[in-house]
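> Any chance you could fold what I've pasted below:
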Amino acid sequence: MSFIDRFRKQIGTRSRGRVVPFNVRAWKFRTFKKDLTEIDLFVACVDALARNIAKIELRAVQKKKDDVSVVDRSSDLARVLKKPNEFMTEYDFLYKVAALYYTSNNVFIWPEYDEKGTLISLWPISYRNFSVVDVDGVLVAKFQLNYFNTYSAPYSQLIHLRNHYLNDDLFGESNDVILPAAELMDAQNQGIINGIRNSALIRGILKSVNVLKDSDIEKARDKFVSDNLRASNNGGVMVLDGKFDYQPLESKPYMVDADTMEQARKKIFDLLGVNEDFLQNKFDSNGYESVYEGRIEPFCIMLTQAMTAKLFTDRERGFGNEIEANMARVKYQPMSTVVQVINATQQLGLFMRDEYREMLGYAPLGAERGGDQIMIAVNNYQPIEGDNDDGTDD
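Numbering: from 1, shown residues only. Next up is the predicted model:
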C-alpha cells in the first residue's frame, strides 16, 4: 500500500465542499498569527539556506578498515536516496527537509518499506502540529497534517531532526524568541498598506456653515464629490461658496524608525545564522565559508547521522555502512583558489582524477575510464648538459 493510500485509509472519505481558489479579505489590521512564514525576511533566509543545503549529494557508503569509503550505487537504498519518493527529486527532498527544520525546528521523515522489508520511499511529514503519546509502553507520534486530517506512526520508525534542542528531552524548541521582532515587521507592512488604502477612501471633511437636514447633507456631499473629486478634474482646483468649509485630511502610515527595524532584522539574521550578503548572493569565499561552517555543515552532519541510525541495522553499521553527504557541490571557492589547490597538491597524490575534475566543475570519468586513479604530477626530466643517453661523456 502506497504512502498516499495509507493516508486515505486513515482518514476515510472526505467531504467535497465548494472549492474557493482564493480568499477575499478586507483591508484591515489583523492580529499577528505567530506564523513566521508570513514574514518575508524569515522566508528569504530559510529559502537561501534550503537552496544551498539541497545541493548536497546523499550517498550510502561502506567504510573499510583502511578508512577507504566504497560508494553504494546499485542497492535499493541508493536508488531511494536519488529519488526519495514519487513526488520529489533529491533536491526537492533536501530543500523540504531543510525548510521544515528551520521553520518548525522539528522535522520528521517517514521511511516507507514494502511487505518484504525493502525501503521504497522517504517522506518528509508536513504538519500543523504534533504530539507524542505513550501507548502501552510504545511512543506514538500523532500529526495534524496540512492536507489531511491526522496520521499516527511509531516514533521509533521516524527520522527526527531537532533544532534548538535545549529544554525538552525529545523535541526542539520553538522560534517564539523572535516573535516580537516578526510582529513588529508585520505591523510595519500592514501600516504601509492600510495607509495607502485609507488615503484613497477618506480625503477630507466638508463642513457646512449652516444647519442642514440629513437629506441636504448627503446631496451637498455628492455634489461636492461630483464637481471636485472626479477623475476629469485634472486641474486639481476646488471652488466652494461661503456655505461650506472643506478641510483636507492627510493619511500617513505610521513608520517604525530605521534603527528599530534594523534591530528586528538583525534578530532574524542572528537566529538563522545568515547575513544580508548571503541572502542576496553577494558573498565572497570567506563569507560563504562562514555560513557553510556554521549552518550548512552542522545540518548535514545531523541529517546523515540520523538517517544512518534509522536506515541501517546495528550489524550493518558495525560493518561500516553509513549515509554520507558529498559536499563538493556546496563548497564555494573561486576558480583561482581551486587552481591553487590543484597546483599545491598535484605532486602529493592526495586526490583522484575525478576529484580534480569535480573541483573544476566537470563530470566524473568513472572507474572504467581511470577516474579513480590517484593523480601525481611527475616532473619532466631535463638532461644535464654534457650527458648522453648511454651515460658517457662527449
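> pretty sure residue 299 is touching residue 53, no?
Yes. Applying CB atoms under 8 Å, one finds residue 299 in contact with residue 53, separated by 6.0 Å. No exception for glycine: its C-beta is placed from N, CA and C like everyone else's.
> Mind listing the shared neighbours of the two?
Shared contacts of residue 299 and residue 53, defined by CB atoms under 8 Å, 6 or more residues apart in numbering, are found at residue 98.
> What's the local residue count around residue 339?
13 (other CB atoms under 10 Å).
> correction: residue 180
There are 12 residues near residue 180, going by other CB under 10 Å.
> Helix, strand, or coil at it?
Assigned by DSSP: H, G, I helix; E, B strand; the rest coil, the conformation of residue 180 is helix.
> Would you mind pulling the contact partners of the helix or strand where residue 78 lies?
For residue 78, the host element (DSSP states H and E) is helix 76-82. For helix 76-82, the external contacting residues (CB under 8 Å, 6+ apart) are 58, 59, 60, 72, 90, 118, 119, 120, 121, 122, 311, 323.
> Could you give the bridge partners of the first one?
Beta bridges link residue 58 to residue 325 when assigned by DSSP bridges.
> for the stretch 101-250 of the chain, what spans make up the helices?
Ranges of helices in the stretch 101-250 of the chain, per DSSP state H, counting those that start in this stretch, are 179-199, 214-228.
> what residue ranges in the stretch 201-350 of the chain score low on pLDDT?
Applying pLDDT under 70 to the stretch 201-350 of the chain flags the ranges 201-214, 216, 221, 224-257, 331-338.
> show me where it has strands.
204-208, 244-248, 321-326 (DSSP state E, counting those that start in this stretch).
> Likewise for the stretch 1-150 of the chain?
Applying DSSP E, counting those that start in this stretch to the stretch 1-150 of the chain gives strands spanning 57-63, 69-72, 106-113, 119-124, 127-135, 138-145, 150-154.
> how about those strands in JSON lines, adding mean pLDDT, distance to residue 45 and mean neighbour count?
Conversion of the strands of the stretch 1-150 of the chain to JSON lines gives the following (pLDDT from 0 to 100; distance: least, CB to CB, whole Å; neighbours: other CB atoms under 10 Å):
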{"stretch": "strand 57-63", "mean pLDDT": "91", "distance to residue 45": "24", "mean neighbour count": "18"}
{"stretch": "strand 69-72", "mean pLDDT": "84", "distance to residue 45": "33", "mean neighbour count": "14"}
{"stretch": "strand 106-113", "mean pLDDT": "92", "distance to residue 45": "17", "mean neighbour count": "20"}
{"stretch": "strand 119-124", "mean pLDDT": "93", "distance to residue 45": "20", "mean neighbour count": "20"}
{"stretch": "strand 127-135", "mean pLDDT": "85", "distance to residue 45": "22", "mean neighbour count": "12"}
{"stretch": "strand 138-145", "mean pLDDT": "86", "distance to residue 45": "26", "mean neighbour count": "16"}
{"stretch": "strand 150-154", "mean pLDDT": "85", "distance to residue 45": "29", "mean neighbour count": "14"}
